[in-house]
Every structure is written in C-alpha cells, then in structure tokens.
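Enquirer: just need the structure, nothing else, for what follows:
(chains A, B and C)
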Amino acid sequence: MSVTGAHPGIFDGLPAAPRPEPGGNYLTQTRGLRSWLLTLDHKRIALMYMLGVLSAYLLGGCFALALRAILFHHNTQVFAGNPARTWEFYNNMFTLHGAVMVFMFVIPAIPAVIGNFVLPMMLGAKDVAFPKLNLASFYCWVGGGLFFCFILLKGVLNVAFPALIHLWGPGGLDTGWTFYTPYSTTTNSAVISATLGAFILGFSSILTGVNFIASIHMLRPRGMGWFRMPLLLWALYATAVIQVLATPVLGITLLLLIAERTLHVGIFDPALGGDPILYQHFFWFYSHPAVYIMILPAMGIISEVISVFSRKHIFGYNFIAASSLAIAFIGFLVWGHHMFVSGQSPLADAVFSLLTFAVAVPSAIKTFNWTMTLYKGDIHLKTPLLYILMAIFLFTIGGLTGLFLGSLSVDVQVHDTYFVVAHFHYVMMGTTLFAFVGGLYYWWPKMFGRMYSENFARWAAVVAFVGMNLTFFVQFIMGAQGMPRRYATYPAQFTIYHQISTIGAFTMGLGMFLVLLNLLHSLKFGKKAPPNPWGSNSLEWQTTSPPPTENFKTRPVPGDPYDYTGWRYVSEEEGYVRIQPPPAAPVPAAP
Amino acid sequence: MARTPPSADVVPDQAQAVALARYRAPVEVLPDPHQHLAHHFDTPKQQFDAAKVGMWIFLATEILMFGGLFVAYSVWRANHPEVFLYAHTKLFRYLGATNTVILICSSFTMACAVRAAQLNQRRLTVFLLALTLCGGVGFLCVKAVEYTREYRDGDFVGVLNIYQQAVYGKNAAKIHIGEEPQTHAGASTQGQGASATTVALVPSSATRASSPAPSPWPLGLEVSKVTPAPPGPAGLRAGLRIGDEDLPTPKPFSLTWNELPPFAKAHTHQFFQLYFLMTGLHAIHVIVGMSLILWVLIRAARGSFNQYYYTPVDLVGLYWHLVDLIWIFLFPLLYLIH
Amino acid sequence: MMPILAQIGSRLWMPPAASSFAGNTDWLFYFVYWVSVIMFLLIMGLIVYFVIRYRHRPGNPVPRSATAHATVLELTWTIVPALVMLFMFEKGFHGLIDETTPPDYAYTINVTAYQWGWNFSYPNGATSNELHVPLDVPVKVVLASQDVIHGFFIPAFRVKKDVVPGRYNTAWFEATRLPPVRSDGKRYFDLFCTQYCGMAHSRMRAKVFVQDSTSFQHWLDATANWVAHTPPAVAGHKLYQIKGCMQCHSDQPNTIIVGPSFHNLWGHTQVMSNGEKITVNENYVRQSILDPGAKIVSGFQNDMPSFRGRIKDDEITAIIAWLQSISDKGPKPLPMTAPKAQAQAHTPGTAPKQGGQH
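Expert: Presented below is the predicted three-dimensional model:
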C-alpha cells in the first residue's frame, strides 16, 4: 500500500499510515559499528553529528560552569597563594568555552544535525546530493574537535607535569576565541593547534554548505517550486550560502595567523610594519556572518514549528523567505561594527552602524510574522512550541539589545562589556539553543520513532528558561554599568550581579540535564511514534517513523507545506492521518 | 542489445554519441549509462549537473580564500607602494613568464583531455592528462628553482629575511636614527616575547656619539656600520656586505636594487611575505591539482570513464583551470609592478 | 517625558554621568531602552494573549489559511521600525562625532598601556600610574600600546577606545563632577582595560582622580620631580607600587605571586635556571629590571616584560635602596633618623593621599 495513494479506507478514519516494513528502518536495517562509521545515509550521519555536537555542548557547558564558579566571588583563588595561575585558568576556561561552543556546537548544531536529517526528506529525496562529502564533513568535524581535545589534554597534563612542556610545547589556549593579534602571536599557549582545529572545522562547515546548496538546487521534486519550499529550507539555503562564502576567508585568516607565528611573516605585526586591525577586519568578515550561520537555521525551525502547532498557514511566507536572504546578504556588510572603538574612521563607523540597523529590519519582520501566525490559530502548546515561544522571547530581547550596540555613542559605553556578552548569549545561545532543542523535540519522533514524556519535557524547559534569563539578564545591567568582559577578578561593586548570574548558570545546567534525561528516557520507555504526530504537511512526515534507509517507499507528492486542511487527528493512531487524498501530481512522476 | 541507443534524457548529446560510434576504436559493448548512477539521483544528467553545481560552489570558496590574500595585497601595496616597487625587481621575471606559459598550455591540454573523455577516447585522454601532469611538474620545478634562488639571496619572509635581520635582527647592526622620532611609546612595539628576534630601534649611545653628517636619506636614516647577522642556514650568508657599500645619491623610486640603502632593503620582507604566501598557497593548490589529475589518469587508464560518465575528469579540469586562473592574476600582481 | 522615564531606570542601568557628553549618550541609551521595552511588551503580550485566547479546545473552528499574509501590515512593520532605527542611527552618529572631536584647546595626556598596567604622562614631565584630570577642562588622551591591544575605558565618562600597538588612537572627555566616595574612603572613578590582553587583564585597572585646577596644578608640580625629593628607600617602595612590580612580586616573606618575593632578596644568593649562583647586588637588580629574560631564578618562568625606556636610572637606584631596606643583609640605616615620617610628609604623586584631599 502506498503512502499517498487514495483508497477507500482513508475516508473511514482507518490508518492511512504506512506500516513499518519487516526490513526495518534506517536504525535497524544494517547493524554493527562499521555500518555506522562508514555510512553514507544522511540520517545516520545526522545522528553521529548529534552525538558529537551534544558532547561538545557538554564540554563547553562544563567550561562555562567552571568560569561562572570562579566569578562567584570577586577575587576567587583556585590555586592557593598563586593568583596568576587562577587568572590563567580562567582565561583558558573562557577561551575554550567560546571556541568549543562557537566552532563545534552552535555553528554545526542545527545545519549538521537537524538540517542533515530533515533536508533531504523535506525535498522528498533519498539523500543529500553528495553523501560522501557529507560523511567527510563529519570526519572533518571530528578531526577539528580532536585538536581542541588535544589542547585541553595538553593543558591539563602540563599543569600536572610541568616537565612535559619541553616535550610537546605549551598547552591550553588563552587568546579568546577571536585570536586577536598581536596577543595571539605572542602568547605562550597552543594557538597553532587551535587555529588548525578551527580551520578543519571550517572545512566541515563548507562541505555541509556545498551539499545543501546543491541538494536544494538539484533535488527539489517536481511540483516544489522555490516558493513552495518549507521555510526551514530557505533558512538552510541562506545559511549554506554564508557558510560557503565566508568560511574560506576565516580559513585564510587562520593560515595567515599560523604563518605569522611560525614564520614571523608580520602581516599583522606592527613591529614588522603590519596592521593588527587588518586581522580584525579579516576575522569579523567571517565571524559576523557566522553569527547568522548560527541564527538563521534557528529562525527556520521557529517558522516550521510555530505554524504546525497553530494549525495555521505561516503568516507572510514571502516576507520570511526574503528576509532570510536579506539577512544573509546584509550580514556580509556589517562586520565593522565589531570595531567601533578600535580606531577606524568615523565614516566607516557610520556606514557599518547604518547597515547594522538595516539588518535589524528583516529580523523584526520575522518576529512580527511569527506573532501573527498565532493569531486565530488553534494552538497546541506542546513541548516544541513551548521551546519555540521561549526562543522568540529570548530572540526579542537579544535582538532589541542589538539596537543599543548599533547606536554608535551607546556602543562606546557597552562595547566589550558584559552587555555584549549578554546580548550575544541571548541571540546565539538563547535563541539558537532553544530552537535547536525545540527542533530536536519536534523531529525526535521521526528520528527515533519514540514519543517522550510531555509533562517532564515542559518542566525541564521551564527550568532551563529560568536559568537562562537569570544568568544573562543581570549581565545587561552590569555591562551598562561598565563591567568589562573577560575579567577573572572584578571590582566588588559587581559582586551581586555575578552571583545571580552564577546561580542562573547552574540552574540552566540542571535544566539541560533534565532535557537529556527526558530524551534518553524516551528512547527506552517512550511510546511508539506515529508517522505524523503533529499533523505537519511537509514531506518528511509522510513516511514511517523512523523512516527506512531510502526515506520513502513511494515518492511523496509535494503540496503547500503549510496547508494543514488535509490532516485530521485520529486518537487511535495518536497522530494525524490524511482525510483527503493529496492533490494529483501536477506533472507525471519521473521515470 | 549492445547497440540500443539510450533514451533521450540520459544522453548529453545524442548526435555526438552517434558520431562517436563511427570513430571509436575496436567496438565493444556500449557502456550502461546508468552504471554510475547513485541511488538518490533520477537520471545521470541530474547527477552530473549536481556535481557541476557543487564544484562551482567549491571553486567560489577557493576564490574567496585567495580573495583574502588579494585584499591583504591591496592593503599592503597601498600602504607601502615603494617597497613593492623595488622589491619586485628581485623576482625572476622570466622564470615567472615561463611558468605562465606552462600553466596556460597545461590548461589547454586539460581542456582537450576533458573533451577526449567525453568522446570516450581512452588513450588520448590518458595521454593528454599525462601531458597536463607534466605541465604541473614543470611548473613546480621552475618554482623550486625560483624559491631556491630567492632563499639563497636572503629574500625571505618576515624576520627570516636577511636584510631585515641585518638591520633589525637580534645581533642587528648599530643603526643610527638621524632625527630620532622616538616618543614615549615610539616604535618600540616589541612586547615581551613578541617574536623574540624583533628588536626596536634603540640607538646605542656609542654610535650616536660618532654619528656622521646628516643623513642623505629621505627617511632620515643612515647606517654607520652594519655587521652581518650571524650565519644562518648554509648559503644564506652569501654575498651580504652591506656595511661596505658606498651610498649613492638618493633617487627614490628610480633606484636599482644595488643602489638601495640597507634600510630600504630591510623593508622588502613586506613584499616577500606576500609573495611567498600567495605563491606558496598557489603551489599547494598545484600539488593538490596534480594529485587529482594523477587519480583521474589512473582511472582513465583503467577505463572507468565513457561518454556517459566522465564527471571526475570534468571536475578536475575545472579545478585545474582555477589554479591556472589564479596564477594569471598572481603573475602580473607580483612580477610586473610599475 | 524621557527624563522622567530615564530617572526610573537610572538606578539600575547607566552609572552616574560625569562627563560633558555623557548626558547625550544616556539620553540615547534610555530612548533605545524604552523603545525596546515597549516593543518587547507588545510582542510578548500579543504572544501570551494569542496562546491563551486561541488555545486548542475541542470544537475550535479549523483555522483558515486565508489570513496568510497582509501586505499593508507587512509593509507597515517593515517601514516604521526602519524609520525609528534611522533616528537612532542619526543620534548615535552625532554622539560619536562629538565624542571623537576634542576641542582645540584640550589638555593632552599621553597614555601608554602595557601588560599589565597604565602609564600616564603629562606635558610637564610628570608621570603616574593613576589618571589625574582637572575638573571642567577638556582632556585629550593620546593612547599608545607597548605590546598588545588594550582598551581604555572610563565608564563614568562614557569613553572607550582601543589602544592599538603601532598607531595612536585618541579620545577626549571633560570631567564635570567629582567622583563619589568609594568603599576605601577615597574619591575616584574606575578605569578598565577592555580589550583582553593576557594573564592579568582583569588586574589592569586604574583609578581616575578628578581635581579642581588648583590642586591639579599642585599635584602636577609635585609629581614631576618626586623621586628626587624623596628618600630613596621610600621612593623605591612607592615605585614598587606604581610601576606595577607589586602585581607579580610580593614584599612579604615566603609569598610568591608570580615572580620571586622581594623580602630578604638583597644580598642573598639565588640559583638561576641554568645552575649559576648569583648574589643579588646592584648590577643584578638593574639587569633584572631592564633585561628580565637574561637570568631567570630557578623555578620561575620568563614572564616579566622589560622596563627599558619606562624607568629612569634614579628610579632604579631608589628601588635598590628599598630592596636593601627590606633585606636582613642590607646596609643598616643610621638609628637616629626617622626617614619614614619625613617621607610621608614629602611624598606627593601617590594616589591614596591625593584621593583623600577631595
């Protein structure tokens, strides 16, 4: 029986869902470690990526908790009688926290995990365009990650056995994740390993981007024009464009940094006639668009989930799609706002400030459209929607505080303070993480064929949300008051804010732990998931949960992804089934 | 069975397939157009187009990567035009021109190889690929000669540059700064540990006392006595006797290398750092391209390609053209400065 | 309206304004702040209202897809925010131009940042590691770095500029009020380094003293020549504090911060990392200050920057005298004099005393 075929049973409320074939699904069709490590199946690669990025998140989270713990008191002494070692430890913690979270978690999280899993299925395809590149991308990620693990290991062992420094050089990393020269070319820590790691992680990102662009261009099924794609695909497309165009510039920047350290070429070294500000231009030419690599896919998930759970067509499809591209485009032109106080000309400041405000407009458009999607809907406040609403909450705060940073004279005050720290954590960590977790909850039944405990999941969400706001909202206040970032010790007047922030961080850690518990529990004890538990009309739900290796037994026919009128909830199924046959394919299926 | 013409949508060019049927050497079985079709593509054409799209995107990333260096080049050249002007005279222009010709020829043979693969001419494909490979080897050989000679002349990056060492290096000559511009921060940007060999211009009181008449140099700088840097790698030391030179009348912007003052020579590392980074990265790309050509050459010799499946040859060809193209930009930017 | 609203938030957000253009910055801050608060409440209010009002209930009408877009509405919420932001841009740009254009008659102070401290030098030759500025006089600071990038930030003045090696950046401000009394009983503003610069980045803070022009002038005169007017051992101790030595070297017995303790150092024999034994004498101290990497005491690393160019010969002499005074092997002072008391009376240029005068 076919997934989409019309037969009389459908109209009797009988399950129209395809039953799992005896052959099993993509999780069970082949077994053994080799079948995972060498798989070309995008779904398995996505799951391996998930395991990887969640480990990176755990690692980065531990660093974050360590540095928040140090900041609980304004002059913490971890190593008694040796303040310098405490400061060095703190500097290593915030650097590794930033580097691991940015390069290994936030950038790959949504594209490589959720995008990899969902994108081909949304296209009704069997795989991404280049499955081997997809696997290569994963191993690039692993390779880059090993460099960071190596740095960490070296750092730890060097502290334990100082003699090892002579054997294998310095460990640890204390430059900040931005590797600003000339500090990064003079410091005695493992900068070369870190930049090589970031360089290889960049390759991973590029390969994913190439794959997504080619897939969306070449694998769209007949009947799915550009403006009938789910918005997540638009978001991933815009993301991939940024990945492909910006990452190589980071690559060359890091290579120049390595050349600077090893060969003393002096491109960025003022002692040799170079210019350290040039490094900042290079670095932010990548790293500002990278911020949109982190946030755009999150916006795509928000658009998907908010529409499905409102049982209502997304509001302003064209504006949301166009704003994704607008953000991707303008995002390339705003890097200079990281250098408002570095001494660039006021004219450059003005241009970058204006463009920064310009990039706020499409973000605002998206927010308004999401809000209006809820209007007169039929809202099911399930866990994914709860996360997505929290993400909008956090994004609104993060986005609005961006206006302070874009206003030149105000930026002078809050630049390089905790205000900035709070701002980008609200956007990158708040919005992206909550959308990512919301997306995980949303596609979890499709990934593993299991449902999770709704109530437990909602409570975990609330704990994490409260922790998130406790941690970062006070940082806006102390930032405005002048508390600089990257301080291991600080004036006593900021103590109360730091203490609230630290308590919040641990609350958030608890929340994320509960999320993990909830999801792991579902794998073993969760109820079996129906093919379409949420009633979405996009193609990935029109197959079994979990899908077979080739995704679809019969190729599905795309329709309007946000038209839910064809689906009805059937309680015996605990999911949605079609109440009418899909429209006939506009063109005959491919041979 | 063997002669069944494939259906229209899988043959890139049916007329071509018919035509080549006449020219092909010993006629065997026509290859199966779907032999190399991956399971997630519908038609070989879709697969081929996808591969092409992917390759073009990848080439865009390569161009952006070099773009970073071109930006650095523009910034440096705008900041130090005179350095570029006199430093580039040290390059071996004729070797560079030879390399340009070699690369253009190899690009041509590569294009021919792609065409031959399309026409299923296996031997011709292998021959042309081998020719292209020879072009790559030739290019690298010439480049190696250039690098060796530049290295021997002491023209190298940053603090490894022999003139830079002689003037600023650890055992630097005693430089007198005529009108000492040193403020409280001055030019002394050497941090503690900042590449240990860069030492700021701190005039020693001894040389100041014995300083000769006002400097004839526009920079207000003069070398009273330069002792050569300590022996570097073998050969590096050849022929550097800056201190013995007689300083000619200054004619800025129209000096030959030998007329330049040591201080100006010491700044040429700013040009050579870009020269080595750009050509070095390009050479790495040449090596990667040659490895890829070798790979398709072996596959072609084994008969992996036919008129329905020659994607790897085509993509490697694109990559090789890009390598060629980048050199076409590098050559005038580095060798032909006016 | 705005000033009243600003009053509500001012306790929590911006610190008290103390420079001529701080008021403009704060005005824009609170303007953006209240626009943000209103927008946030609007969006969140709508979302919460919609979620409650249109929550799923049995028998809910199936939502129609007809309201999938409304072009007029879309254009409205594209254009109106854009105009508001254009206004913010204009105000911010004006503010920045004000902040980057010092008056011609501004008093100039040269600032040198290094790992990890500040050195302020004044036109009359006085130098200090705390910033002293006259009240109601525009002050232009010329910022230079000796090593890596630092950041010059005085929150109360709303002024911040990176200190970049190899170039001069400038900033200016005009202090309009005296600092508040701090927990240690002195009156000063904070000065922070805001660009991460290595291990002791967070210790790279300084105090900003604001004085009326008479006492500022007095302080300047006294500071320019203070070492000459101070007993060497006392001057040495002050130099130890203000040149940044104390951030890494303790003067207490058996206490190590980063480098060796100075207590009982003079005249004692130290083992170097290369095995050489050196008795601490004048030349060794001098070399250790000017060329710290030359001889490293065993067990320590080469962490110290050179002070060449940042310390004068008479200052080194004073430090030597002080090192002698805190060592049991130093020359004993004549018992009848009481240099401490005299020194206290004559020691200008020290921040704590000056701060207390306001």
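
Enquirer: any regions of chain A where pLDDT drops low?
Expert: A:1-23, A:580-591 (pLDDT under 70).

Enquirer: do you have the strands of it handy? List them.
Expert: A:567-570, A:575-578 (DSSP state E).

Enquirer: go on, the stretch 251-358 of chain C?
Expert: Secondary structure of the stretch 251-358 of chain C (DSSP state E, counting those that start in this stretch): strands located at C:269-271, C:277-279.

Enquirer: check the stretch 1-150 of chain B too.
Expert: Using DSSP E, counting those that start in this stretch, strands in the stretch 1-150 of chain B do not occur.

Enquirer: pick out the residue of it closest to chain C.
Expert: Nearest residue of the stretch 1-150 of chain B to chain C (CB to the nearest CB) works out as B:N79 at 11.6 Å. (Each C-beta comes from the backbone N, C-alpha and C, glycine too.)

Enquirer: roughly how far does that residue sit from A:D269?
Expert: 14 Å (CB to CB, to the nearest Å).

Enquirer: from memory A:H380 sits against A:R311, does it?
Expert: Yes - contact between A:H380 and A:R311 holds when scored by CB atoms under 8 Å: they sit 7.3 Å apart.

Enquirer: what about these two, which has more around it?
Expert: Set A:H380 next to A:R311 and count neighbours by other CB atoms under 10 Å in any protein chain shown: A:R311 wins out with 22 against 16.

Enquirer: residue numbers of the stretch 451-591 of chain A in contact with chain C?
Expert: Applying CB under 8 Å from any CB of the partner chain, we find that the stretch 451-591 of chain A lies next to chain C at A:477, A:480-482, A:484-493, A:562-563, A:565.

Enquirer: run the last query once more with 10 Å
Expert: Along the stretch 451-591 of chain A, the residues adjacent to chain C under the rule CB under 10 Å from any CB of the partner chain are A:476-477, A:479-493, A:560, A:562-565, A:568-569.

Enquirer: just the buried ones from those?
Expert: A:476-477, A:479-491, A:493, A:560, A:562, A:564, A:569 (16 or more other CB atoms under 10 Å in any protein chain shown).

Enquirer: quick one: neighbours of the nearest residue to B:A130 once chain neighbours are set aside, just the number.
Expert: Spatial nearest neighbour of B:A130, excluding adjacent residues (CB to CB, 6 or more residues apart in numbering or on different chains): B:L297 at 6.3 Å. B:L297 has 22 neighbours, counted by other CB under 10 Å.

Enquirer: B:L297 reaches B:V313, doesn't it?
Expert: Yes - with contact defined as CB atoms under 10 Å, B:L297 reaches B:V313; the gap is 9.3 Å.

Enquirer: what touches both of the two?
Expert: B:113, B:125, B:128-129 (CB atoms under 10 Å, 6 or more residues apart in numbering or on different chains).

Enquirer: any idea whether C:M14 is helix, strand or coil?
Expert: coil (DSSP: H, G, I helix; E, B strand; the rest coil).

Enquirer: ramachandran coordinates for it?
Expert: phi -70, psi 140 (degrees, to the nearest 10).

Enquirer: gap between it and chain A?
Expert: 6 Å (CB to the nearest CB, to the nearest Å).

Enquirer: residue contacts, that residue?
Expert: Taking CB under 10 Å, 6+ apart, one finds A:410, A:413-414, A:477, A:480-482, C:6, C:22, C:25-26, C:29-30, C:33, C:155-156, C:158 in contact with C:M14.

Enquirer: which residues touch the nearest residue to C:H56 once chain neighbours are set aside?
Expert: Spatial nearest neighbour of C:H56, excluding adjacent residues (CB to CB, 6+ apart): A:H380 at 4.8 Å. Contacts of A:H380 were listed using CB under 10 Å, 6+ apart, and they are A:308-311, A:534-535, A:569, C:55-56.

Enquirer: re earlier: report the separation between the residue nearest to B:A130 and chain A.
Expert: For B:L297 relative to chain A (CB to the nearest CB), the value is 21 Å.

Enquirer: tally of neighbours for B:Y94?
Expert: 10.

Enquirer: that one against B:L336, yeah?
Expert: No - between B:Y94 and B:L336 there is no contact under CB under 10 Å: 11.9 Å.

Enquirer: once you drop chain neighbours, what's closest to the closest residue to chain C within the stretch 1-150 of chain A?
Expert: Nearest residue of the stretch 1-150 of chain A to chain C (CB to the nearest CB) works out as A:A84 at 4.4 Å. Take A:A84 and drop its neighbours on the chain: the residue closest to it by CB to CB, 6+ apart is C:V258, 4.4 Å away.

Enquirer: and the one you found, what are its phi and psi?
Expert: According to degrees, to the nearest 10, C:V258 has phi -130, psi -50.

Enquirer: for it, which residues are in contact?
Expert: Here C:V258 is in contact with A:82-85, A:87, C:199-200, C:247-250, C:300-301, C:303-304 (criterion: CB under 10 Å, 6+ apart).

Enquirer: show me which of those residues is closest to chain B.
Expert: C:M304 (6.9 Å).

Enquirer: for the closest residue to B:L91 other than its chain neighbours, the count of nearby residues, please.
Expert: The shortest distance from B:L91 to any non-neighbouring residue, by CB to CB, 6+ apart, is to B:Y335 (5.4 Å). Residue crowding around B:Y335 was assessed by other CB under 10 Å; the count is 19.

Enquirer: does B:Y335 touch B:Y275 like I think?
Expert: Yes - using CB under 10 Å, B:Y335 makes contact with B:Y275 at a distance of 9.3 Å.

Enquirer: what touches both of these two?
Expert: With CB under 10 Å, 6+ apart, B:Y335 and B:Y275 have common neighbours B:88, B:91.
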